[in-house]
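Chemist: Quick one, structure for this:
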Amino acid sequence: RGRQTLVEKYLSWDSGARLIGNLYSYIAVVVAEFYYERNNLDELSAVLANNMGRIMEINLPGIIVPAFILLAKAKKAKGDIAGAFKDIKEARKLLDDKTGNVWGYHLDIFTAALYLSVGDAGHAARYIDTGRIGLYDPLSSVREYEYTVYARYLMRTNRPDDAFILLGRLSDFADKESQLGRQIELLCLEALCSVMKGNNKNANTVLEQALALGMAEGYVRTFVDEGEPMAVLLTHYVNAENDGNEGYLSYAKSLLKSIEAY
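Modeler: Numbering: from 1, shown residues only. Predicted structure coming up:
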C-alpha cells in the first residue's frame, strides 16, 4: 500500500519535479519496479523512457544498474531474451567493466538468473561461484539474492534436496527481515521444489501460503516469471478441492491466465 501511494504521488508530479534533483530518478525506478510486479509492462516502459535521460545524466551505478535490470526484466517478460542480455551488456559498458565493483556483482547475479531462466545452468555457473558458495553459509541481506539464484541453480541441476534446505533457510531469513517480495518468491520456489521431490501435497500447501501473501499486495510477475512449472502447479491447485479459499482460487486463476498470455 505504501508503494501505491508513491505511485500516486509520482503520477501527480510534473516538470517541476526537477527541483528535487536526483531523488526523482530514484523514485521513477521504484515506480517502474511497482509496475513490473503488477505486470503493467507498458507503464513500466513509459516511466523508464521518460526518465532515462535524467538517469544517464546522473551517471551513478546505484541507479543505472537497477534501471537497466528492470529494462532487461521487461524484455524477458515479453519474450525478448536476446534484448534482455543486450541491456545487461549495455549496463556493464556504462560501469566500464570495473572489477570488484559491487554493482558489477549485481549484474553478474542477474545474468546468472537470466541464463537459468532459459535452462542454461552451464553459463549461469560462470557468474556465481558454485565452488565457493554453500548451503550453510551465513546469510545476509547483501547476498540474499545470490543465494536465491544459487537455489535455482541447484534445482536446475537436479539437486532438489539441497535446494530445499537452502530455500528453507532463505525463507526464514526473509521472514525475519520482513522482505515480502522475497518471501513470496521463495515460497514459489519451495512449492516447485516440492514437486520435484514428489511431495505434491506440500507443494499445494506452500503455494497457498504464497498466494495468501501475494493476493494482499497484488503480486503478479513473481508468480508469472516461473513460467510453465508454475502454470502446472497453479492448474493442480485450481483443480484440487480447496474448501473455503474462493479468494485464493480466483487469484490463482488470474495468475494462470497471465502465464498463458505469454
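
Chemist: what sits up against stretch 188-208?
Modeler: 148, 151-152, 155, 160-161, 163-164, 167-168, 171, 187, 210, 222-223, 226, 229-230, 232-234, 236-237, 240, 242, 245, 248 (CB atoms under 8 Å, 6 or more residues apart in numbering). Placement of C-beta: from N, CA and C, glycine included.

Chemist: let's see 6 Å
Modeler: Stretch 188-208 is touched from outside by 155, 160, 163-164, 167, 187, 210, 226, 229, 233, 237, with contacts defined as CB atoms under 6 Å, 6 or more residues apart in numbering.

Chemist: what two of those have the greatest distance between them?
Modeler: 163 and 237 (20.8 Å; CB to CB).

Chemist: When these two are compared, which one has more neighbours?
Modeler: residue 163 (25 against 22; other CB atoms under 10 Å).

Chemist: quick one: contacts of stretch 87-100?
Modeler: Counting by CB under 6 Å, 6+ apart, 61, 64-65, 68, 71-72, 101, 104, 107, 111 sit against stretch 87-100.

Chemist: From the centroid of the protein, which residue is nearest?
Modeler: In the chain, the residue lying closest to the centroid (CA atoms, centre = their mean) is residue 222, at 5.8 Å.

Chemist: Now that residue: which helix or strand?
Modeler: helix 221-224 (DSSP states H and E).

Chemist: Alpha carbons of the helix or strand just after that helix, as CSV, please.
Modeler: As assigned by DSSP H and E, the chain's next helix or strand after helix 221-224 is helix 227-239. Taking C-alpha atoms only, helix 227-239 is exported to CSV below (Å, rounded to 0.1, in the frame of the first residue of the first chain):
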residue,chain,number,x,y,z
GLY,A,227,6.6,-19.9,-16.3
GLU,A,228,5.3,-23.4,-17.3
PRO,A,229,6.2,-25.1,-14.0
MET,A,230,4.2,-22.5,-12.1
ALA,A,231,1.3,-22.9,-14.6
VAL,A,232,1.2,-26.6,-13.9
LEU,A,233,1.3,-26.1,-10.2
LEU,A,234,-1.5,-23.4,-10.3
THR,A,235,-3.6,-25.7,-12.5
HIS,A,236,-3.3,-28.5,-10.0
TYR,A,237,-4.2,-26.1,-7.2
VAL,A,238,-7.3,-24.8,-9.1
ASN,A,239,-8.5,-28.3,-9.8
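
Chemist: Output the below-cut-off pLDDT ranges for the stretch 51-200 of the chain.
Modeler: Scanning the stretch 51-200 of the chain with the threshold set as pLDDT under 70 gives 97-100.

Chemist: all strands of the stretch 101-250 of the chain, in order?
Modeler: In the stretch 101-250 of the chain, no strands are defined using DSSP state E, counting those that start in this stretch.

Chemist: Tell me where it has helices.
Modeler: Counting by DSSP state H, counting those that start in this stretch, the segments of the stretch 101-250 of the chain that form helices are 102-117, 121-125, 144-156, 160-176, 180-196, 200-217, 221-224, 227-239, 246-260.

Chemist: Nearest to residue 22, out of these?
Modeler: helix 102-117 (16.2 Å).
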